[in-house]
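# dropping the sequence and predicted coords here.
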Amino acid sequence: MFRPLNKRAVRRRRALGRTALTVTLAVTAGIGTAAAPAAADTPAASADPVVVSPGARFVPRATLVLNAGETGFLTAQEGDDRLRWIDYATGATTVLDHRLPEPLAYDVDDFRFDRYPADFGHGSDTVALYAPSPAPHVTLQQRAGDGPTVTIPVPEGQTYVATYGDTVITRTGTEHAVTSLHLLRLENGEVRDRKLEGLPEGWNLTISEGDSRSVAVRAIKWEDTTMSQGWWVVDLATGKLKTLSPHGDSVSFDQDTVFHLGAPETYAAQVYRRDDLDAEPTTLDLRDASYGDTVRPLAGRLASVSPPNPGNNEYRGNELSLRDLAGSHLESLLAVASPSLHRTPDGSLLVAGAERRTDYGPLDWGYYLFTPAADGTVARKRVADIEDMAAAPAGIALGSGILTTADDSKLFMPHTYIGAYRSTWLKTSGRPEELNTTVDGLMAGRDSDCGGTESSYCATLFASGDGHHGREAGTEQDVTMLYRNGSASWGPRVTSGHHSPQLVDLSGRFGIVDNGSGGTQSILHFKDGDTGRVLEKRNQVAASVWGNTLWSATGSWNDPDLDVATTVTAKNLSTGTAGETFDAGCAPRELQAVGRWVYWQCDDNWPTYKSGGLYDRQAKRTLKLGADDTLLGDGYLVRRSEQAGLTLVDLRGGIPASGTEAGLPRRVIVTAAELGDRTVRRAGWTVDRFGGHVAYTGADRRVRIVPSGVPASPVAVIDADTPAAVDVRAGAWASRWWLSKPGASWSLTLKPKGSAKVVRTLTGGEARGLLHASWDGKYANGQLAANGSYTWTLSVKPADGVGADLTASGTVKVRGGAAAWRDLAGDDGFGDLLVTDSAGAASLYRGTGTGGVSARVAGSGTAFPAGTVLVPFGDVDGDRCADVLARVGDQLRAYRPGCGKVVTASSPYTSIGGGWAQYDQLTSSGDANGDGYADLIARHASTGDIYFYAGTADHRLKPRVRIQTNWKLYKRVIGAGDLNGDGRGDLLGVDSAGVLWRYYGTSTGGVTPRERIGGGWNTYSALVGTGDLSGDGRTDLLARDTTGKLWRYASTGAGTYGGRVLIGTGGWNTFKGLF
């Protein structure tokens, strides 16, 4: 019986696709089998590449069950040309000798295979292998070939269709106009050919499904816009036909019934008894079933699953459920399942799926067998695992040995997300092998179509070199965002104000974006979170950034002015200062910069001709190049052409004497066949310009790292963020250095400016592109650093072992730390001068840091008694401010005037004790023994012996220790501070002849033997070691002559002083005491 249908209605129904209620078939065998495609050529292996382990695709590997037999099943899988026989009982897998013509290709977007294999049999352990030569025949073997085989010749004039059980089915006529179907069976040692009678001639006849007992035949014929259809069940043993309703979408079988879905109307099914097909069928009402489900009879009920719905961003499958005959849900069989449900000869169902659904990452996909039990339950068994499919990269970036790929591993919802970013850390010395991998944040959208293939997802990625990456396209909010390798969170981001901003270049914390529609360009400074900013907005020009150096063309390549400028200029983004320039000879439309080299490409009479060139910053020469796609690495460039693939050009020898491109060494590192269609820069291939290698995805979509073979340049600082000052009360001194290539280890030393003593050493391990160091403002012994300037020195060992260690240095001014010696007011670290007048009133002169002193700052309290000796000292109460010791009569007091205040007799004080009148000289040279605490020096008036009082952590003085005897020869004993940079306070003495002598401090508080500095010092009525007045980190000496002038002697750092400098023109003899 035939049913005419309206063609327009049928086409509309086809367009709905998976919204129709269908039974998905294991293999739909057309009467005409298309010829198998030719096998693809195997790409040649690249020289010594490292193949990066791929992630597992979010969508499970697609599989085909080609034949579900009694003891096992035959399967093929995506990306493979092998056939496997898997045993139900043990899960053991045997690979057949027979292979497919080519690996199976699966289209995730369309949810289908590009090609389906030929028929390999159905419904039994018999595997059918068709061969067209030497004469067409079908070999019937058992399972993987472990039993006897039978050969069934295909008669002349007939075409092989399929095999069910041990019956081979052939046809005559063409695929769309079949004249007859034939059953070929081996009977009594001979092949019997039985023609099926009762089928229409000239129709498109297909075998929709079957087993070793029966098959279902569907007939379709079009006449203009009208389609006619018919359904039959064929008994393979007898060739008898049973005509079914012409309605319906599919026919399937279980052990006892025939299930005709969509008959006699769309939301119904007719169920026939297989042992009596002529009996009246039972009609099921399936209007409550989910529309579009795949439905199979199972244990007197229905197993159903909804297919993936790409229109709703669902690509993996849905729940496999057991329903009653009315379609109502009874229980869940699998959390996620393929819509291909396969019946086995014993009535079980075989399906691929997973017991647990996950929101992210791959599923635990495998084959499951569902077998009805006698009590009506259904037993589930996992038969075998299904190997994950490798995720396909949509884009790649490589910086400082960190590979970023954008692939479909974590999630695949292409209407919103095409996948996720994956970070792989490679070895930075020797072969760039994998170390570890992380799956990071999600990636939305695509940047380009990867060479014209609209279904190819593609992202153009940039590596910052410091552990971040960016993509060409902005976010949906037109924000340019970076992502940190190893993190799923948002990274630094900047809103440039451009419509559809496009990232042009990225290095460290700086980036360049163009307005998507042209015209304008912004230079971005990325910071944590959204605190970054636009440094500059300007007309769009070719530009590149390397560290903190911005290279820019002075004229726009698309400027209609034929006399557009061809100069390229550099600018330091940290300071804004201009750098070098060169003439490209044309208006560049693209720039790339890496260390010594700058590459440009121009459009001359665009789009018909392109040209490029190189500028050697070391030799100040330029070289013209061709127009191939190019990426610049460290000491090399890589060029892509349709013919050669990727060619590496070695630049380490500089521009050749010939001045032509032909003189540069080169080699092909990736052939065009190996590269395949992944030809878009930074999506299909890229370079690590931060001292690394070349990466490409390749025709097989596996990422490979090809060692460049070119030694990288010595490691260098290409950008730095080293604050010139730090208030340690607010936080640590946090500094950053961006490196041209990875460092293996680093150390940072800190010394007081002008001193050779290292007070703190910070160390660290590997630094890929960015080195962080944080100094908490403390010395190695845990003490707070004294206020003042410190010299830092950074040393970095290159990770690749190529080139000398990096050394960089600078200074940092500490505030909020411990009181610096003689810094009596504030925390600027400069020495101050304390004076008293004849009435005992104290005043202060602050060191300026330029070698002089400030205006007088008078004290506002009570004057000191006559004879008081003041000794500027360290911090005695822990408030981080310098205090003053005073001998008043026989008492020694510790005055605490408070931070920034001038000491007076009314300032708070603590009595240290009596008996101090025995000393005629009291002074402090700062920390004399190097333990971090200020010490006191006293000379006994009668004996001239010198005593050392060590300072302590609790701001007391230890008992005295005699360190010298009979210093009566000295008219003055002066605490001079550290004169030689060893971190210990030193002493000066002026003898009666006016000779100045130096004594270096020792670690025990003593002094070394004296050394003569010079004579003539008896012309001064006062000498004071004041600490650092000039900001050079060295302690200076002030001298007042008899006329009242004040002179400064600058320390040389070697125990001597330079020539004197007048800093006070007169009037200083009005002060009774200078301290």
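Done, it's in. Numbers count the residues shown, from 1 in each chain.

# with adjacent residues omitted, what lies nearest to residue 48?
The shortest distance from residue 48 to any non-neighbouring residue, by CB to CB, 6 or more residues apart in numbering, is to residue 707 (6.3 Å). Every residue, glycine included, has its C-beta placed from N, CA and C.

# what about that neighbour, neighbour count?
By the criterion of other CB atoms under 10 Å, residue 707 has 16 neighbours.

# mind listing the strands for the stretch 251-400 of the chain?
Taking DSSP state E, counting those that start in this stretch to define them, one finds strands in the stretch 251-400 of the chain at 257-261, 268-273, 282-285, 294-298, 301-305, 318-323, 329-337, 342-343, 349-354, 366-372, 378-385, 393-399.

# what does the fourth one rub up against?
The reference is to strand 294-298. 21-24, 252, 254, 257, 259, 261, 269, 271, 286, 289, 302-307, 322, 339-341, 343, 347, 349, 370, 372, 378 (CB atoms under 8 Å, 6 or more residues apart in numbering).

# my read is that the residue nearest to residue 48 contacts residue 431, right?
Yes: counting by CB atoms under 8 Å, residue 431 is a contact partner of residue 707 at 6.7 Å.

# need the residues touching each of those two.
48, 50.

# the residue of the chain positioned farthest from its centre and residue 917, how far apart?
The C-alpha centroid of the chain is most remote from residue 942, which lies 75.3 Å away (CA atoms, centre = their mean). Relative to residue 917, residue 942 is positioned 11 Å away (CB to CB, to the nearest Å).

# ok so, going back, who's in contact with the residue farthest from the centre of the chain?
Taking CB under 8 Å, 6+ apart, one finds residue 918 in contact with residue 942.

# tell me the secondary structure for it?
What DSSP: H, G, I helix; E, B strand; the rest coil gives for residue 942 is coil.

# so which of the strands of the stretch 251-400 of the chain is the most surrounded?
strand 393-399 (a mean of 30; mean count of other CB atoms under 10 Å).

# which segments of the protein make up each domain?
393-540+628-706, 717-815, 832-1074 (automatic domain parsing).

# relative to residue 60, which of those is closest?
Closest to residue 60 of the domains of the chain, according to CB to CB: domain 393-540+628-706, at 10.8 Å.

# start to end distance for stretch 198-206?
End-to-end distance for stretch 198-206, by CA to CA, to the nearest Å: 15 Å.

# now do stretch 670-679
11 Å.

# cool, and stretch 447-457?
First-to-last distance for stretch 447-457 - CA to CA - comes to 8 Å.

# report the mean confidence score over it.
If you average the pLDDT over stretch 447-457, you get 59.

# now stretch 102-109
91.

# next: stretch 659-672.
pLDDT averaged over stretch 659-672 gives 92.

# same check on stretch 1001-1008?
Per-residue scores along stretch 1001-1008 average to 95.

# ok, residues contacting it?
925, 928-930, 935, 946, 948, 950, 961, 963-964, 978, 982, 984-987, 999-1000.

# what's the neighbour count on the nearest residue to residue 519 once chain neighbours are set aside?
Setting aside the residues directly before and after it, residue 519 is nearest to residue 540 in space (CB to CB, 6+ apart), at 5.9 Å. Neighbour count for residue 540, taken as other CB under 10 Å: 22.

# in contact with residue 540, which residues?
514-515, 518-521, 556.

# dump those residues to CSV, plus distance to residue 487 and neighbour count.
As requested, the contacts of residue 540 are exported to CSV (distance: CB to CB, whole Å; neighbours: other CB atoms under 10 Å):
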residue, distance to residue 487, neighbour count
514, 27, 21
515, 29, 19
518, 33, 11
519, 34, 13
520, 31, 17
521, 29, 24
556, 37, 20
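
# from these, which two are the most distant?
515 and 556 (12.6 Å).

# break down the stretch 601-750 of the chain into its helices, ranges please.
672-675 (DSSP state H, counting those that start in this stretch).

# oh, I was asking about the chain
Along the chain, counting by DSSP state H, helices occupy 7-16, 672-675.

# weakest of those in terms of mean pLDDT?
helix 7-16 - the lowest mean pLDDT of those, at a mean of 31.

# okay, and for the stretch 601-750 of the chain, where does confidence drop off?
By pLDDT under 70, the weakly predicted segments of the stretch 601-750 of the chain are 604-609.

# go again using 80 as the cut-off
For the stretch 601-750 of the chain, applying pLDDT under 80 flags the ranges 604-610.

# cool, the chain as well?
Judged by pLDDT under 80, the stretches of the chain that qualify are 1-47, 287-292, 311-312, 326-327, 415, 445-456, 476, 556-564, 604-610, 955.

# okay, which residue is most central for it?
So for the chain, CA atoms, centre = their mean, it's residue 485, sitting 2.4 Å from the centre.

# list the buried ones in stretch 236-251?
Within stretch 236-251, the residues scored as buried using 16 or more other CB atoms under 10 Å are 236, 239, 241-242, 244-251.

# next, format these as JSON lines and append distance to residue 1011.
JSON lines is the format used below for the buried residues of stretch 236-251 (distance: CB to CB, whole Å):
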{"residue": "236", "distance to residue 1011": "117"}
{"residue": "239", "distance to residue 1011": "123"}
{"residue": "241", "distance to residue 1011": "123"}
{"residue": "242", "distance to residue 1011": "122"}
{"residue": "244", "distance to residue 1011": "119"}
{"residue": "245", "distance to residue 1011": "119"}
{"residue": "246", "distance to residue 1011": "120"}
{"residue": "247", "distance to residue 1011": "117"}
{"residue": "248", "distance to residue 1011": "114"}
{"residue": "249", "distance to residue 1011": "108"}
{"residue": "250", "distance to residue 1011": "108"}
{"residue": "251", "distance to residue 1011": "112"}
